[in-house]
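>>> Just to be clear, the model below is a prediction. Sequence and coordinates:
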Amino acid sequence: MRIIYEPRGRALEYAPLAVSLYRGCSHGCTYCFAPASTKTDREKFLQPYARKDALPLLKKDCEELQRAKDKRNILMSFTTDPYQPLDRSLGLTRKAIEIFIEYSRPFDILTKGGIQSMRDFDLLASRPDLCHYATTLTCCLPETEKEWEPHAASWGERVEALREAKRRGIPTWASIEPIIDPWQSRYLIAETLGCVDLYKIGKMNHIDPGFPEESLFEFVKSIKYVLESTKKQHIFKKDLEPYLFCEG
């Protein structure tokens, strides 16, 4: 394939296939692994640009997958955000969604774009059998947002987008990763139980989040109880398995 690829490592737990239409991301999230994984200087990474011939390459890959009868789900995106500010002018994400729909490709949108992403809900709502809309939820205090996700949409915007997606019949999920503060993650889950169909939960791995490990045991135990008692679908990533099967 030319632009669609098979993720490796921890990313593979989220999706069997992925695509990035942009290189870099201007959200500036402190915890972002993408500069290191793409071997890009962090300052350069914050100056995103569209990948050359991204849409023609995507179309060719979708044709190839269709011929192979490969129906694996495609996630957009791991190493960038499909609804960062650059997409307001270029609009590649909407055109990519149109290609996915043309070829009946199952796909997920994962974004921190908030209200901006609602622009394309008409397309997602037209094929809810093909798509999922998802957002990352990590923190809900202004000072924490400023420190960890300085240029992404606020958590309130993201929740508003989830609620609108749910209202329109679009399947939803939330990425509770990385866990920056167990209390804030717990609050965000409680706030979104009515508009999120599935939670995917993972810990911080390459940066010390600054809270005692004991609180992570307590968080996992309490959230597992909440999600099971509300019959909410959920996935704890492999890095949290030790916390699931240990009293702490």
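The structure has been received and is ready for your questions.

>>> Give the residue spans of this protein that score low on pLDDT.
246-248 (pLDDT under 70).

>>> Report the central residue of this protein.
Among the residues of the chain, residue 110 comes closest to the average C-alpha position under CA atoms, centre = their mean, at 3.2 Å.

>>> show me the contacts for the residue nearest to that one when sequence neighbours are not counted.
The shortest distance from residue 110 to any residue other than its chain neighbours is 4.6 Å, reached at residue 134 (CB to CB, 6 or more residues apart in numbering). In short, each C-beta sits where N, CA and C put it, glycine included. Contacts of residue 134 were listed using CB atoms under 8 Å, 6 or more residues apart in numbering, and they are 108-111, 172-175.

>>> What about those residues, which are in strands?
Counted as lying in strands by DSSP state E, out of the contacts of residue 134, are 108-111, 172-175.

>>> Now residue 168: closest residue in space that isn't a chain neighbour?
Taking CB to CB, 6+ apart as the measure, residue 168 lies nearest to residue 125, with 4.3 Å between them; neighbours along the chain are not counted.

>>> roughly how far apart are the residue nearest to residue 16 when sequence neighbours are not counted and residue 47?
Of all residues not flanking residue 16 in the chain, residue 72 sits nearest, at 4.3 Å (CB to CB, 6+ apart). Residue 72 sits at a distance of 32 Å from residue 47 (criterion: CB to CB, to the nearest Å).

>>> quick one on the thing from earlier: report the secondary structure element holding the residue nearest to residue 110.
Of the helices and strands defined by DSSP states H and E, residue 134 is found in strand 131-136.

>>> what lines up beside that strand in the sheet?
strand 107-111 (parallel), strand 172-176 (parallel) (DSSP bridges).

>>> Return the residues in contact with residue 15.
Each residue near residue 15 by CB under 8 Å, 6+ apart is listed here: 7, 73-75, 78, 108.

>>> what's the closest of these to residue 32?
residue 78 (10.6 Å; CB to CB).

>>> list the contacts for that closest one?
With contact set as CB under 8 Å, 6+ apart, residue 78 has these partners: 7, 11, 14-15, 18, 20, 34, 110.

>>> Swap in 6 Å and give it another go.
The contact partners of residue 78, by CB atoms under 6 Å, 6 or more residues apart in numbering, come to 11, 18.

>>> how would you label it: helix, strand or coil?
What DSSP: H, G, I helix; E, B strand; the rest coil gives for residue 78 is coil.

>>> for this structure, which helix is longest?
If you go by DSSP state H, the chain has its longest helix at helix 213-229.

>>> what packs against that one?
Taking 3 or more CB pairs under 6 Å, 6 or more residues apart in numbering; DSSP states H and E as contact, the helices and strands that helix 213-229 lies on are helix 241-244.

>>> and the helix or strand where residue 146 lies, how far out from the chain's middle?
Using DSSP H and E, the secondary-structure element containing residue 146 is helix 142-148. Computed by CA atoms, centre = their mean, to the nearest Å, the chain-centroid distance of helix 142-148 equals 19 Å.

>>> before we move on, what about stretch 70-87?
Using CA atoms, centre = their mean, the distance from the centre of stretch 70-87 to the centre of the chain it belongs to is 8 Å.

>>> So which bits of that stretch are buried?
Across stretch 70-87, burial judged by 16 or more other CB atoms under 10 Å covers 73-84, 86-87.

>>> Check the separation of the first and last residues in it.
For stretch 70-87, the first and last residues are 28 Å from each other (CA to CA, to the nearest Å).

>>> Next: stretch 85-96.
One end of stretch 85-96 sits 17 Å from the other (CA to CA).

>>> Kindly report the same for stretch 40-57.
Separation of the first and last residues of stretch 40-57 by CA to CA is 22 Å.
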